[in-house]
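*Asks:* predicted model and sequence below, questions to follow.
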Amino acid sequence: TGIDSFFALASVVADEMYAAPIPILALSPDDFGRLHSGDWVEIHPAGTIILSTTLPPASA
């Protein structure tokens, strides 16, 4: 729905207060259109995004 700076600020505050930042993901309109309710999104440190319809296996 557009850029919302509130979420970025909320993540910074959560990190400062609770050491638990909220993951923030920015997508192009085309990629956003691929999301569906109930999808799982994995965000890897290198920036890779994996979208799946089932819960990913737990990391070992």
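*Replies:* Right, received. Where do you want to start?

*Asks:* what sits closest to Asp15 if chain neighbours are left out?
*Replies:* Spatial nearest neighbour of Asp15, chain neighbours left out: Pro21 (3.8 Å); criterion: C-beta to C-beta, 6 or more residues apart in numbering. C-beta: built from backbone N, CA, C; applies to glycine.

*Asks:* the one you found reaches Val13, doesn't it?
*Replies:* No - Pro21 is not in contact with Val13 according to C-beta atoms under 8 Å; the separation is 9.1 Å.

*Asks:* so the residue nearest to Asp15 versus Thr53, what's the distance?
*Replies:* According to C-beta to C-beta, to the nearest Å, Pro21 and Thr53 sit 26 Å apart.

*Asks:* repeat for Ala46
*Replies:* 23 Å.

*Asks:* return the distance of the helix or strand harbouring Ile50 from the chain's centre.
*Replies:* Using DSSP states H and E, Ile50 sits in strand 49-52. Distance of strand 49-52 from the chain centroid (C-alpha atoms, centre = their mean, to the nearest Å) equals 10 Å.
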